[in-house]
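S.K.: here's a sequence, model it:
(one chain, ligands or ions: 1)
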Amino acid sequence: MNKKIIVFASGGGSNFEALAKAAQSGDIKGQIVLLVAGKPAIGAIDKAAKYNIPVFVEGPGDLLSALKAAGPDLICLAGYLKKVPQNILDICPVMNIHPALLPKFGGKGMHGAHVHRAVLAAGEAESGATIHFIDADYDKGTIIAQAKVPVLPGDTPQTLAARVLEVEHKLYPQAVKIFCEGKL
Ligand code: GRF
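M.R.: Now for the predicted structure:
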């Protein structure tokens, strides 16, 4: 049976779109039943319309009830900037994508350009993307998959981010595919 997946996003939603494409093509044995948008007017909401995926925009509405009504098997955080409370973590497994090779460059304040800036400042030879489960201790849950990219001379946070994003779009659907096959 197809697994029910809910994606949470706060930004452009390119990872959300990579998951939506993989689900639509049947590559993932799962269906994205809801997008939770961390704020209004973000790119992810326009992308949801393209794939006919219902959207819940966080605000005064009761998110917990909406999630429970949808009955997900998996929640995927894809560029979601807020901390997920324990009552949501209790519903089903929650995965996250992080744009660096955890356990390095994770934790508080490590999101977006901050991550890539820190990687460059540390003089790392490589960076990459990590998919991991979320548990109460953020960015410290079990690592599911990683993909590496080189750090190149002259890289800026922007060029490094773009190189990492490219591998994110492959890695996240792969991890979700494996989950939906019951192999995780
Ligand atoms: C990605 O780099 C993801 O790893 C990070 O935030 C970015 C989101 O990009 N957590 P998008 O909204 O999926 O395009």
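S.K.: ok, and what's touching the helix-or-strand element of the chain with minimal mean pLDDT?
M.R.: Every helix and strand in the chain was compared by mean pLDDT, DSSP states H and E; the lowest is helix 86-89, with a mean of 94. Residues from elsewhere that reach helix 86-89, judged by Cβ atoms under 8 Å, 6 or more residues apart in numbering: Leu63, Leu64, Leu67, Ile75, Val94, Ile134, Asp135, Ala136. Yep, even glycine has a C-beta here, placed from its N, CA and C like the rest.
S.K.: now the two most distant members of the residues you listed.
M.R.: In the contacts of helix 86-89, two members sit farther apart than any others by Cβ to Cβ. They are Leu63 and Asp135, at 19.8 Å.
S.K.: by proximity to the ligand, which residue of this protein wins?
M.R.: Per Cβ to the nearest ligand atom, the residue of the chain with the smallest distance to the ligand is Gly79, at 2.6 Å.
S.K.: that residue and Ser10: what is the separation?
M.R.: The gap separating Gly79 from Ser10 is 6 Å, by Cβ to Cβ, to the nearest Å.
S.K.: okay, those two: which has more neighbours?
M.R.: Comparing Gly79 with Ser10 by other Cβ atoms under 10 Å, the one with more neighbours is Gly79, at 25 against 20.
S.K.: confirm the more buried one sits in a strand?
M.R.: No. Read with DSSP: H, G, I helix; E, B strand; the rest coil, Gly79 is coil and lies in no strand.
S.K.: excluding chain neighbours, what is closest to it?
M.R.: Take Gly79 and drop its neighbours on the chain: the residue closest to it by Cβ to Cβ, 6 or more residues apart in numbering is Gly11, 4.3 Å away.
S.K.: helix, strand or coil for the one you found?
M.R.: Of the three states, Gly11 takes coil under three-state DSSP.
S.K.: please tell me how far it sits from Lys177.
M.R.: In terms of Cβ to Cβ, Gly11 sits 23 Å off from Lys177.
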